[in-house]
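Peer 1: got a sequence here, can you build the structure:
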Amino acid sequence: MSDKIIAIVPAGGIGARARRGGPAALLKPDLPKQYELLRGLPMLRCSVQCLLDEPRIEQVRAIVRPEDAWAERALQGLKKTVWRHCGGPTRADTVRNALHDLQPDEDTWVLVHDAARPGLPFEALQRLIDTCLRAGQGGLLALPVPDTLKRAARSASDEAPSGPPRVGQTLNREGLWMAQTPQMFRGAALMRALDEALAAGVEVTDEASAMEFVGVQPLLIEGSIKNFKVTWPGDFQLMEQWISQ
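Peer 2: Reported below is the predicted structural model:
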């Protein structure tokens, strides 16, 4: 059985929550967050480079929107890297389109990694690949939830409440994990799972949730706090500090 590994980086979103302020935002108001600079390099390029450090990954495929005008400049010169303009309206649609574009065989592994996680440590990537190959089963990087979880109370009225939300319930965090990427599965199996889940109207928030829908229990493999997702404007500065170490 082949252990061929292809990486897919969905980069079809905009990331409005992470929009930086200041003069740069005024000059490029439509710039998606994956092209914001981290230490002088587009974040997408940094995330792809994390994957290229692993020699077992044969190719990295960045999946961008049909109208994307930034990918070529951001990724030019990187070995084993291509960009495909087949991104969809959601992350799940983008990954499904990427798989149909790739048409992986039954033996090919696909490793999906967020464009907004450029802090992926090499050791965590190795751990994911080693564990999945050894077990012959797909899995994902994740971290146990360390904090107490609170569910906000719903407003008694239809109008938005004034002031901050209130606690409605404290949740038991035992057994809860925070999913990260990469997530690694057999490509053909993941493509079928996404097709079935999306056709059924299931909300697919990551690749593992699609596999869970078809009855698979993915492996949970220890990730890293450095592998957080850049989501808010302040995250850029924190990520720059991580990747400079």
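Peer 1: shouldn't Ile132 be in contact with Leu125?
Peer 2: Slight slip there: residue 132 is Cys, not Ile. No - at 11.2 Å, Cys132 and Leu125 do not qualify as touching, with contact defined as CB atoms under 8 Å. Glycine gets a C-beta too; all of them are placed from N, C-alpha and C.
Peer 1: list the neighbouring strands of the helix or strand where Ile221 lies plus their orientation.
Peer 2: For Ile221, the enclosing helix or strand under DSSP states H and E is strand 219-222. Each strand that strand 219-222 pairs with, and the sense of that pairing, follows from DSSP bridges: strand 139-144 (parallel).
Peer 1: report all helices and strands that the next helix or strand after the strand it pairs with contacts.
Peer 2: Helices and strands here follow DSSP H and E; after strand 139-144, the next one along the chain is strand 149-152. Using 3 or more CB pairs under 8 Å, 6 or more residues apart in numbering; DSSP states H and E as the contact criterion, the elements in contact with strand 149-152 are strand 167-171.
Peer 1: ok, then the element right after the strand it packs on?
Peer 2: As assigned by DSSP H and E, the chain's next helix or strand after strand 167-171 is strand 177-186.
Peer 1: so that following strand versus strand 139-144, what angle?
Peer 2: With axes from the mean of the first three to the mean of the last three CA atoms, to 10 degrees as the criterion, the two stretches strand 177-186 and strand 139-144 enclose an angle of 170 degrees.
Peer 1: and strand 177-186, which strands flank it?
Peer 2: Assessed with DSSP bridges, strand 177-186 is paired to strand 109-112 (antiparallel), strand 139-144 (antiparallel).
Peer 1: out of the ones you listed, deepest packed?
Peer 2: Looking across the strands paired with strand 177-186 with neighbours counted as mean count of other CB atoms under 10 Å, the highest average goes to strand 109-112: a mean of 26.
Peer 1: next secondary structure after it?
Peer 2: Once the chain leaves strand 109-112, the next helix or strand it forms, by DSSP H and E, is helix 122-135.
Peer 1: and stretch 223-240, how far from the chain's centre?
Peer 2: 13 Å (CA atoms, centre = their mean, to the nearest Å).
Peer 1: got it, and stretch 167-179?
Peer 2: Between the centre of stretch 167-179 and the centre of its chain there are 22 Å (CA atoms, centre = their mean).
Peer 1: for Leu149, what are its contacts?
Peer 2: By CB atoms under 8 Å, 6 or more residues apart in numbering, the contact list for Leu149 reads Thr170, Leu171, Arg173, Leu176.
Peer 1: okay, and the beta partners of it?
Peer 2: Judged by DSSP bridges, the bridge partners of Leu149 are Leu171.
Peer 1: do you know the pLDDT at it?
Peer 2: pLDDT recorded at Leu149 is 92.
Peer 1: and the gap between it and Pro55?
Peer 2: Spatial separation of Leu149 from Pro55 under the definition CB to CB, to the nearest Å is 39 Å.
Peer 1: by mean pLDDT, flag the weakest helix or strand of the protein.
Peer 2: Each helix and strand of the chain was given a mean pLDDT (mean pLDDT, DSSP states H and E); the minimum falls on helix 23-27 at a mean of 45.
Peer 1: wait, Thr94 sits on Val9?
Peer 2: No - the pair Thr94 and Val9 does not pass the contact test of CB under 8 Å, sitting 9.8 Å apart.
Peer 1: the more surrounded of the two?
Peer 2: The residue with more neighbours, out of Thr94 and Val9 and counting by other CB atoms under 10 Å, is Val9; that gives 30 against 24.
Peer 1: noted, bye for now.
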